[in-house]
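Chemist: got a predicted model here, sequence first, then my questions.
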Amino acid sequence: MNEYNNKMKMNLEIKAVPADACNQEKKDERLTHILDAIRDRQLLALNIETTSFCNLKCIFCRMHAERVGKTDEKGQSGGGKIKKHMSLELFKKIMEKCRGLDRLKTLFLHGLGEPLLNPHLVEMVRIAKTCDIAEKITLITNAVLLKQQLFRELVAAGVDNFRISLDVIDRDQYRKIKGADVGEVVLKNIDDCLVEIKNNSLPVSLSIECMESAVDKNYADESEKITEYFSEKIRRLPKVDVRLVKLVNWNERGERYEKFQRKFPCEQAFYMLMIHSDGDVSMCCKDDRKELLIGTVSSVDSLRDLLSSEKLIAMRKALLLQDYSLISACRHCDLRTSVDAELLEKKDFLLGFLFPVKKSLDNP
Ligand code: SF4
């Protein structure tokens with residue numbers, strides 16, 4: 001935990017935790033789950049991008065900053081990613097194709113867009129809950145559209161965990177950084193959700209997320225203001241917190257992009273998949289250019305088949321060996337998760353898991 005966060009915890013007496021905070025016991029447990037998932041060709045998490053449209057234009061997001069105005073008449077956004085809502089039909093197909101997978105730890109119903117824009121979202125949550133494919137359903141949202149009524153409907157349908165990307169609280173800063181003058185709307189929506197949780201003792205968890213001053217010092221001020229603003233409001237809500245999240249360098253921002261060279265494997269690639277809104281499947285939920293594609297939903301009978309695909313195995317191997325010729329998107333990605341170092345330590349062991357019968361990939 002960094003100095004800034006300590007200060008917030010001690011001086012302001014609020015709950016503010018790094019999003020990746022993990023004690024040794026949790027780390028060990030996480031590593032065990034990941035190793036089991038690799039060995040058994042299973043997933044722990046699945047990201048379903050319910051839409052790739054967004055109603056904000058955050059300056060730190062390549063989907064909506066660099067590409068604004070660059071989509072062509074077909075909605076193609078420059079990097080092979082199409083802007084579209086996922087259809088209910090495709091969502092149902094994905095649920096069917098989860099057969100063969102063990103119950104996931106988490107189903108994420110967001111990708112690189114704002115999930116609340118999809119008109120079928122509540123129904124999708126309901127279907128996923130009925131199929132019981134995950135222990136927990138999580139939604140990351142900017143909360144621009146998270147009115148009390150919709151919040152109620154999402155909770156009733158089965159969302160267990162909301163993560164609200166607030167990032168900035170000052171109205172002018174919000175407009176500048178997030179690209180729309182809706183900061184006050186978002187605050188009101190969050191306040192109303194907190195009242196709803198309190199008045200009805202809702203069992204959902206909710207995190208209000210802010211940036212860990214990664215890009216600009218201004219974020220640090222904003223984080224402090226956010227924690228001050230919510231301090232009293234969340235005090236007696238045990239499942240609500242304020243979180244600091246690190247901005248990951250996967251979208252090649254300036255100097256950091258040039259300097260950083262990845263030296264660890266990445267745990268994400270070993271336990272989750274991301275399904276884009278058009279049904280393409282990537283190894284990683286940050287694949288905004290579709291550089292880490294491993295197949296499509298329609299090309300397999302079960303998503304589990306993709307876990308045995310030569311493409312995925314080769315990409316995982318490349319991560320373990322830090323050979324970025326096949327996975328150039330990972331070369332400068334500075335995402336650090338809990339057990340990356342442990343995965344590196346177990347590299348030989350993991351290669352044995354990955355290649356019991358696939359030796360031919362070494363000598364194609
Ligand atoms: S290193 Fe970054 S881009 Fe590569 S799989 Fe991990 S999170 Fe994705």
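Modeler: In hand now; what should we look at? Numbering: from 1, shown residues only.
Chemist: what does the stretch 201-350 of the chain put close to the ligand?
Modeler: 250, 266, 268-269, 283-284, 286, 329-330, 333, 335 (C-beta under 6 Å from any ligand atom). Just so you know, the C-beta spots here come from the backbone N, C-alpha and C atoms, and that holds for glycine as well.
Chemist: chain center to the helix or strand encompassing Asn189: distance?
Modeler: Using DSSP states H and E, the element containing Asn189 is helix 183-200. Helix 183-200 has its average C-alpha position 22 Å from the chain's average C-alpha position, going by C-alpha atoms, centre = their mean, to the nearest Å.
Chemist: report the backbone C-alpha coordinates of that helix in CSV.
Modeler: Taking Å, rounded to 0.1, in the frame of the first residue of the first chain, the C-alpha atoms of helix 183-200 are listed here in CSV:
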residue,chain,number,x,y,z
GLY,A,183,-19.9,14.8,-13.3
GLU,A,184,-22.8,16.0,-11.2
VAL,A,185,-25.2,13.5,-12.7
VAL,A,186,-22.8,10.7,-11.9
LEU,A,187,-22.4,11.8,-8.3
LYS,A,188,-26.1,12.0,-7.8
ASN,A,189,-26.5,8.6,-9.3
ILE,A,190,-23.9,7.1,-6.9
ASP,A,191,-25.4,8.9,-3.9
ASP,A,192,-28.8,7.4,-4.8
CYS,A,193,-27.4,3.9,-5.2
LEU,A,194,-25.8,4.2,-1.7
VAL,A,195,-29.1,5.3,-0.2
GLU,A,196,-30.7,2.3,-2.0
ILE,A,197,-28.2,-0.1,-0.5
LYS,A,198,-28.5,1.4,3.0
ASN,A,199,-32.3,1.6,3.1
ASN,A,200,-32.9,-1.9,1.8
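Chemist: what does the average pLDDT come to for that helix?
Modeler: In this model, helix 183-200 carries a mean pLDDT of 97.
Chemist: helices or strands next to the following helix or strand past it in the packing?
Modeler: Toward the C-terminal end, the helix or strand that comes next after helix 183-200 (DSSP H and E) is strand 205-211. If contacts are counted by 3 or more C-beta pairs under 8 Å, 6 or more residues apart in numbering; DSSP states H and E, strand 205-211 sits against strand 161-165, helix 183-200, helix 218-231, strand 240-245.
Chemist: go through the ones you listed and pick out the most buried.
Modeler: With neighbours defined by mean count of other C-beta atoms under 10 Å, none of those is more surrounded on average than strand 240-245, at a mean of 22.
Chemist: got the angle for that strand vs helix 183-200?
Modeler: 140 degrees (axes from the mean of the first three to the mean of the last three C-alpha atoms, to 10 degrees).
Chemist: helices of the stretch 51-200 of the chain, start to end?
Modeler: 88-96, 121-131, 148-157, 171-178, 183-200 (DSSP state H, counting those that start in this stretch).
Chemist: okay, the residues of the stretch 201-350 of the chain next to the ligand in TSV with distance to Leu319 and secondary structure next?
Modeler: Putting these into TSV (distance: C-beta to C-beta, whole Å; DSSP: H, G, I helix; E, B strand; the rest coil) gives the following:
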residue	distance to Leu319	secondary structure
Trp250	14	helix
Cys266	6	coil
Gln268	10	helix
Ala269	6	helix
Met283	9	coil
Cys284	10	coil
Lys286	13	coil
Ala329	11	helix
Cys330	6	helix
Cys333	10	coil
Leu335	12	coil
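Chemist: now, among those, which is nearest to Thr106?
Modeler: Among those, Gln268 lies closest to Thr106 (C-beta to C-beta), at 12.3 Å.
Chemist: how about the closest one, what does it touch?
Modeler: Counting by C-beta atoms under 8 Å, 6 or more residues apart in numbering, Gln268 touches 284-286, 335, 337.
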